[in-house]
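**Student:** no FASTA, just this:
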């Protein structure tokens, strides 16, 4: 047996957790610096230099100075991604004639395939029952 007290194991785990948390925050701040549209190139370069040369102070100052706008940018990006995914799913579920996903078979085969896709999307909660009904009404009759 090795002589490593249990309290030291917990302390080592806490240090490891804080190290991982620190790197996550550092990369999040650097990512936010580059995606911020309200700063010019020189301001971004200044923040990056500060964060790299004095990481603890740079990250702390950045979070204090720009933390609120950082949160708003996260929320806005999440909304844009969700809207893009919903638009893509609606377009894919709509099954417009002449698109690549219309199927190789006849109109009945394509309609059945699209209906199966729509049903699967509805079952997984991706589209609502109303969206399912509207998309189903747009399918060609078999």
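**Tutor:** Received, thanks. Because the structure is a prediction, the values reported are computed rather than measured.
**Student:** report all helices and strands that the longest helix along the chain contacts.
**Tutor:** The single longest helix within the chain, with elements called by DSSP state H, is helix 55-94. Packing contacts for helix 55-94, counted by 3 or more CB pairs under 8 Å, 6 or more residues apart in numbering; DSSP states H and E, involve helix 6-35, helix 41-53, helix 107-123, helix 129-138. Where C-beta positions appear, they are placed from N, C-alpha and C, glycine not excepted.
**Student:** mind putting these into a markdown table with distance to residue 67, mean pLDDT and mean neighbour count?
**Tutor:** Formatted as a markdown table, these follow (distance: least, CB to CB, whole Å; pLDDT from 0 to 100; neighbours: other CB atoms under 10 Å):
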| stretch | distance to residue 67 | mean pLDDT | mean neighbour count |
| --- | --- | --- | --- |
| helix 6-35 | 9 | 92 | 12 |
| helix 41-53 | 13 | 92 | 13 |
| helix 107-123 | 37 | 75 | 16 |
| helix 129-138 | 37 | 83 | 14 |
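**Student:** can you lay out those helices as a markdown table showing distance to residue 76?
**Tutor:** As requested, the helices and strands packed on helix 55-94 are exported to a markdown table (distance: least, CB to CB, whole Å):
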| stretch | distance to residue 76 |
| --- | --- |
| helix 6-35 | 10 |
| helix 41-53 | 18 |
| helix 107-123 | 26 |
| helix 129-138 | 24 |
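**Student:** closest to residue 71 out of those helices?
**Tutor:** Across the helices and strands packed on helix 55-94, residue 71 has its closest neighbour in helix 6-35 (9.7 Å, CB to CB).
**Student:** so the closest one versus helix 55-94, what angle?
**Tutor:** 70 degrees (axes from the mean of the first three to the mean of the last three CA atoms, to 10 degrees).
**Student:** any idea how far helix 6-35 is from the chain center?
**Tutor:** Mean C-alpha position of helix 6-35 versus that of the full chain (CA atoms, centre = their mean, to the nearest Å) differs by 21 Å.
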